[in-house]
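[1] could you work out the structure for the sequence below:
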Amino acid sequence: MDGSCAGREVRTLPFSTGTVHVFKRNGYVCAVTTARNPGVKRVMSVSVQARGNRPVVDKGRYKHRAGPVTVHAGQRCVWVKGTVGRDSVSSGWILC
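    Numbers count the residues shown, from 1 in each chain. Coordinates of the predicted model:
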């Protein structure tokens, strides 16, 4: 990783076309979706939602990664999603 999120990595959510890296620091949760085979532009997204809030999403056609997106979660659970091309991952409520 290139350090685009602050804090320490607390979850890695791998799936067939990429990986979502989840970081936490001082109540903030940050996530980045990285492509497994970077270099070709395709639809990628990353989404972080703190329970009770709307999700924060970065979606577009990227070569390497979507994000980072950061939310203030405090002590609340977060739901993280990521897509690269046709495949995606969804964390369920984590970091509670």
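
[2] tell me which strands the stretch of helix or strand Thr34 belongs to pairs with, and in which orientation.
    Applying DSSP states H and E as the criterion places Thr34 in strand 28-35. Strand 28-35 pairs in its sheet with strand 18-25 (antiparallel), strand 65-72 (antiparallel), by DSSP bridges.

[3] among these, which is the most enclosed?
    Burial of these is given as mean neighbour count (mean count of other C-beta atoms under 10 Å); strand 18-25 ranks first at a mean of 22. Where you see a C-beta, it was placed from the backbone N, CA and C, and this is true even at glycine.

[4] hmm, back to that, and the strands paired with strand 28-35: which comes nearest Met44?
    strand 65-72 (4.0 Å; C-beta to C-beta).

[5] what does that closest one rub up against?
    Strand 65-72 is contacted from outside by 4-6, 27-35, 38, 44-50, 53, 56-60, 78, 82-84, using C-beta atoms under 8 Å, 6 or more residues apart in numbering.

[6] among these, name the buried ones.
    Among the contacts of strand 65-72, the ones that count as buried by 16 or more other C-beta atoms under 10 Å are 5, 28-35, 44-50, 56, 58, 78, 82-84.

[7] does the residue nearest the centre of the chain have beta-bridge partners, and which?
    By C-alpha atoms, centre = their mean, the mean C-alpha position of the chain lies nearest to Ala31, the distance being 3.3 Å. Beta-bridge partners for Ala31, by DSSP bridges, are Val22, Val69.

[8] that older thread, residues making contact with the strand holding Thr34?
    For strand 28-35, contacts defined as C-beta under 8 Å, 6+ apart pick out 1, 4-7, 17-24, 42, 44-48, 50, 62-73, 78, 80, 82-84, 95.

[9] from Trp93, how far out is Glu9?
    19 Å (C-beta to C-beta, to the nearest Å).
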